[in-house]
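> Here is a sequence with its predicted model. Questions after.
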Amino acid sequence: MTVPLAASIVNLVLGLELGSLGEAMSNRWSLEGVSWEPKQGGAIEIRIQKLEAAALRFELGPLVLEIGRITVHKLLAQVQEHSGSLRLAAVETAEAELSGVKLHGPFITMPHIKEAWAALQALNATRAADIAAGRAVTDAWCLGPLAAAEGKIRGEITDAHLLFDADVTVPIRNGQIDFNDATVEHVGPDSRMGVSRLGVYVDAPNGRSYVYQFASAPLAGVEFERRGALLSPWVSERGKLQLQPFVEALLRQPPAAPAQAVTQQTRQLLERTALAGDVQLSDGRFAVPGVQAQMEGSSEGRNAVTLHSEAVGRGLTVEMASLRLRDTEACWAGVQLHSKTIDAGVKLQLFVESAQIRFVLDLVNCKLTSPRLELRRAGGA
């Protein structure tokens, strides 16, 4: 009796296909303290003191979500009558704890790029209409935690045609990359990095090569190189990048634009480049289409990012041992999630397979306080 009820709650809320993690494992549920109370209009209020589930698997189109275990405390579900049947309208809890959470699948697939770009264009059009009507709006892209980020990115390029074997170090100070401080060390005279109106470059002994070319008008957050005297060939200032406005401007470009801006020389270098980095993100608002939150806890060492790759052209691992988000809001497939705080360890792995990038996202010891799910069905039902 309890198993179908628990499974029905999950299926109603998420609208997903529930499946087992493996032949030897099944979706296991337990419920404690279940009660319900009829409300006006045929609605029902269901209360569950404690809900536990293990070995869950959900299909989200090409993506797969696996949950090793979930524990929910003081669950309140609001069920409403619609067209002769009961549908879940909202669920809220005091606390939810998850472990063994893994989301994996294709990161970007070419057939979906046009769809994603069309959806983003529609979002931008809605935002423009809100601005014209004087309504309050928030930008779909906001990377406030980059504003005062501190850290260092290190690269080792092996047998590079342009730079020989090279050690590259790029410091990040107060959310800015100053290419005057970046170093490219190798046998013979060292090279220099910089940013011009054409893109990010390396001045090597055999000339200038662009590792990233700007595909359109100069992006926000870029201070270009400057030369010493009139018509002087010598560069006196290598230029700077303000990470938050620069990355936000990149994200607002059409999906194919960033990939087109990576030169063929860069693709060859990435196959030979090992990468490591440590970056402490600052507190601030984080928003991408469909998700927004306030990142906090940097003074306690939270939200520190580590990067690692044996060869960037084949994959990259990004880890955050202690992520802390406040006032999180997310929306997908007609479902809205609100949570007062989210604490978790995060590990993102990207793998390049042929022309496709696949990802695996792991959440460790994820805890949500005061989460609430609301269903928004078509036609306002």
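Done, it's in. Residues are numbered from 1 along each chain as shown.
> need the contact list for the nearest residue to R252 once chain neighbours are set aside.
Using CB to CB, 6 or more residues apart in numbering and skipping the chain neighbours, the partner closest in space to R252 is W141 (5.9 Å). Glycine gets a C-beta too; all of them are placed from N, C-alpha and C. Shown in contact with W141 (CB atoms under 8 Å, 6 or more residues apart in numbering): E248, L251, R252, A287, V288, P289.
> Which is the succeeding secondary structure element to the helix or strand where T328 lies?
Using DSSP states H and E, the element containing T328 is strand 315-332. Along the chain past strand 315-332, the next helix or strand (assigned with DSSP H and E) turns out to be strand 335-353.
> which regions of the stretch 251-381 of the chain sit below the pLDDT cut-off?
Applying pLDDT under 70 to the stretch 251-381 of the chain flags residues 254-263, 333, 355, 376-381.
> coming back round to it: tell me which of the contacts of W141 fall in strands.
If you go by DSSP state E, those have A287, V288 in strands.
> Buried ones among the contacts of W141?
E248, L251, A287 (16 or more other CB atoms under 10 Å).
> in terms of contact, does M320 touch V305 like I think?
Yes - between M320 and V305 there is a contact under CB atoms under 8 Å: 5.6 Å.
> Make sure I have this right: R267 is in a helix.
Yes - counting by DSSP: H, G, I helix; E, B strand; the rest coil, R267 is located in a helix.
> For it, list the residues it contacts.
G313 are the contacts of R267 under CB under 8 Å, 6+ apart.
> one step back: phi and psi next, for the residue nearest to R252.
W141 adopts backbone torsions of phi -120, psi 120, taken as degrees, to the nearest 10.
> Okay, buried residues for the one helix or strand R57 maps to please.
Secondary structure from DSSP H and E places R57 in strand 44-60. Going by neighbour count (16+ other CB under 10 Å), the buried part of strand 44-60 is I46, I48, L51, E52, A53, A54, A55, L56, R57, F58.
> Looking at those, which has the smallest pLDDT value?
Least confident by pLDDT among those: that is F58, with 82.
> In PDB, list the C-alpha atoms belonging to stretch 81-97.
Taking C-alpha atoms only, stretch 81-97 is exported to PDB below (Å, rounded to 0.1, in the frame of the first residue of the first chain):
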ATOM      1  CA  GLU A  81      -9.200  17.300  -8.300                       C
ATOM      2  CA  HIS A  82      -8.800  17.900 -12.100                       C
ATOM      3  CA  SER A  83     -11.100  16.400 -14.800                       C
ATOM      4  CA  GLY A  84     -12.300  13.700 -12.500                       C
ATOM      5  CA  SER A  85      -8.900  12.600 -11.200                       C
ATOM      6  CA  LEU A  86      -6.500  13.700  -8.500                       C
ATOM      7  CA  ARG A  87      -3.300  15.500  -9.300                       C
ATOM      8  CA  LEU A  88      -0.500  16.600  -7.100                       C
ATOM      9  CA  ALA A  89      -0.300  20.400  -7.000                       C
ATOM     10  CA  ALA A  90       2.600  21.100  -4.600                       C
ATOM     11  CA  VAL A  91       4.900  19.300  -2.200                       C
ATOM     12  CA  GLU A  92       6.900  21.000   0.600                       C
ATOM     13  CA  THR A  93       9.100  19.500   3.300                       C
ATOM     14  CA  ALA A  94      11.200  20.700   6.300                       C
ATOM     15  CA  GLU A  95      14.300  19.000   5.000                       C
ATOM     16  CA  ALA A  96      15.500  16.600   2.300                       C
ATOM     17  CA  GLU A  97      18.800  14.600   2.300                       C
END
